[in-house]
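> coords please:
(2 chains)
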Amino acid sequence: MEIQSPKGTRDMLPKESHLWQWIEQIMREEAALAGYREIRTPVFEYTELFERGVGDTTDIVQKEMYTFLDKGERSITLKPEGTAGAVRALVEHKLYAEPLPVKMYYLNNPIFRYENPQHGRLREHHQFGMECFGVKGPTADAEVILTVLKILGRLGMKDLAVKINSIGCPVCRPNYQKALKEYLFDNLPNLCPQCQERFNRNPLRILDCKEKKCQLITRDAPNILQFLCEDCDSHFERLKVLLNERGLKVSIDPQIVRGLDYYTKTVFEIVMNSPRGELALCGGGRYDGLVKKIGGPELPGVGFGIGTERILLELQNQGIAPEEQRVTDVFIASLGEEGRLPAFDLCMDLRNAGLRADWDHLDRSLKAQFRYADKLGVKLIGIMGGDELQKGALRIKNMLDGQEKEVSLKDAVQEIKTLL
RNA sequence: GUGGGUGUAGUUCAGUGGUUAGAGCGCCAGAUUGUGGCUCUGGAAGUCGUGGGUUCAACUCCCAUCACCCACCCCA
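Prediction:
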C-alpha cells in the first residue's frame, strides 16, 4: 500500500509555492508597516495551556485537539489556534516589560484540529495572525481589523463581509447570560440536545447554533449589545467611529460569539461567500483577561487569525490567483560530448553573475533540449556546438522572436545579461 | 463523531461477469544532415485504492478497510 499524506493534510507542491510566497510577502509588509514583528512559537505546547487559554467548554478543546503523552508522560497538544502560544511566550519571556504596546505577528503557523475534512477545512492548516498587547482602547481593535483588510485588499479580494459584535466583559456578561437564560428557560425542551447542554456551561454559544429550531428561538432573544456596561458600550461605539472614519462598512452581528472562551468586548469575523455558502476567512477579537489567565499581569490584548488555505480558495473563487513567473531565464544547450563541459561551465558562470540559468542534465539531443527549454519558458537559449567551440563563440537565440546572433564566448555572460 | 457519493495509466475519464483493460491531455522518441511552439507517426506507462468472499471466470457482484469529495457539527 502506497503511503499517503495523513487524512486532512495537503502537500504544498513546487508549482503552487509562488502563491504562498506572494501572500506571505504581502502579510509581512503590511504587518511591518503597522509596527508588528514576527514571533515563532513551537508547533506543540503543554495541553494545559489550551485548556486554560482557549477554554475547556469549547469544541476545540473538548473534541478537536491532537493531544498525546510524550515519552516523559507529559501531555502535549499540537497547536489548535495561534493566540495561546503567543501569549505564553509573552508571559514566559516577560515581553510586557518592553515598551507597550507589544505588537507581534505569526506567519503561516501550522494549526491542527481533529475534524472531518471537507470544503475549506483541513486537519492541518496555516494561519497568519496579529496580536497587540497593552492597549485598552479600541484603536488597537481598529488597527488589526484595518490591517487584515488591507492585506486582503492588496491580494485583490473583493466582496468580503466584515461582521463585528461585542460580547461584553466579566462585569456585564453575567447580566446578559442571566437574561438570556431566563428568556431561553421556557423553550429549553425545544432546543437541540447540544444547546441544552450549552445552557449551563456556555449559554452564549446557543446564539450561533446552526439548528433551525434553535435559531427560531434565539431570533428574539435579548440583544447582548443592550446589556453592555458603560465601559464596553463606549469601547464598541468608539470602535465603530474609528472604522467608520476609515470608510469601512461593517455589519453589526449580535449572533457572533466565537468559539473560543477568551474573548471579551470586541469580536469580529471576515466571511467570504464561496459557491457553497458562507465560510469564515478570518476571526478575532479582544481578549483582555487572557494574559492574566496564563500567568502574566493584567494586560489587555486584541488580535485575529486568518487561514491561508481559505485565502487561496477565495483567490481561486474570484479567479485572481497570479500566474507563476518564469523560473529560468536562459538555457545553455550543448551539442555532442565535447560541448557538455563548456556548457556546464558557462551555466555556472551565468549563475555566479546572478542570472537564472540552466542546462541539460540528461544528455539529450539538441532538439529535445530545445523542447525542454521551451517548456521552462526561457527567454534565451545559448547554443554550444562544434562550430561555436572552434570559434570560441556562443550562439544566442531569442525564443520570443526567433532571432539568433553569435557572440564571443568571453563576452557571453555580459551579452546575455543585457539581452534579458 | 453521524449520513451520502467516489476510488481504473502522471492526469481527466470511458469500460461493466468472459480473450492481451482503452481514449484525450501530459511524458519520451522520430519526421534526412545542429533549433522550440503547430502538425503527423511511434513508444513507455495501470498488481483497475487495499484485504477478504461469491463464481468455472471479478475492474465489474458482496463484505470489510483506507483515502478523497459532499452534508451535519464546528471553525480559519
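> Could you list the low-pLDDT ranges of chain A?
A:1-2, A:210-212, A:274-277 (pLDDT under 70).
> just the helices in the stretch 251-400 of chain A please.
For the stretch 251-400 of chain A, applying DSSP state H, counting those that start in this stretch gives helices covering A:290-293, A:308-317, A:337-352, A:366-376, A:386-391.
> hmm, stretch A:360-368 touching RNA strand B?
Yes: on the criterion C-beta under 7 Å from any atom of the strand, stretch A:360-368 is in touch with RNA strand B at A:364, A:365, A:366, A:367, A:368. Placement of C-beta: from N, CA and C, glycine included.
> for stretch A:331-342, that is, sorry about that
Yes: residues of stretch A:331-342 are located near RNA strand B by C-beta under 7 Å from any atom of the strand, namely residue A:335.
> what about that stretch, start to end distance?
Length of stretch A:331-342, first residue to last, C-alpha to C-alpha, to the nearest Å: 13 Å.
> Okay, buried residues for that stretch please.
By neighbour count with 16 or more other C-beta atoms under 10 Å, stretch A:331-342 contains the buried residues A:331, A:332, A:333, A:334, A:335, A:339, A:342.
> from those, which is closest to residue A:372?
Closest approach to residue A:372 among the buried residues of stretch A:331-342 (C-beta to C-beta): residue A:331, at 7.7 Å.
> if I look at that closest one, how far off is RNA strand B?
From residue A:331 across to RNA strand B, the span is 11 Å (C-beta to the nearest atom of the strand, to the nearest Å).
> residues near the closest residue in space to that residue that isn't next to it in sequence, how many?
The shortest distance from residue A:331 to any non-neighbouring residue, by C-beta to C-beta, 6 or more residues apart in numbering, is to residue A:373 (3.7 Å). Residue A:373 is flanked by 24 other residues according to other C-beta atoms under 10 Å.
> Kindly report the same for the one 5 residues further on.
Look at residue A:378: counted by other C-beta under 10 Å, it has 24 neighbours.
> Run through the residues that contact the closest residue to it other than its chain neighbours.
In space, and not counting its chain neighbours, residue A:378 is closest to residue A:331: 4.6 Å by C-beta to C-beta, 6+ apart. Applying C-beta atoms under 8 Å, 6 or more residues apart in numbering to residue A:331 gives the contacts A:357, A:358, A:359, A:360, A:369, A:372, A:373, A:376, A:378, A:380, A:381, A:382.
> 6 Å instead?
Counting by C-beta atoms under 6 Å, 6 or more residues apart in numbering, residue A:331 makes contact with A:358, A:373, A:378, A:381.
> ok, the last one to residue A:342 distance?
Right, residue A:381. For residue A:381, the distance to residue A:342 (C-beta to C-beta, to the nearest Å) stands at 15 Å.
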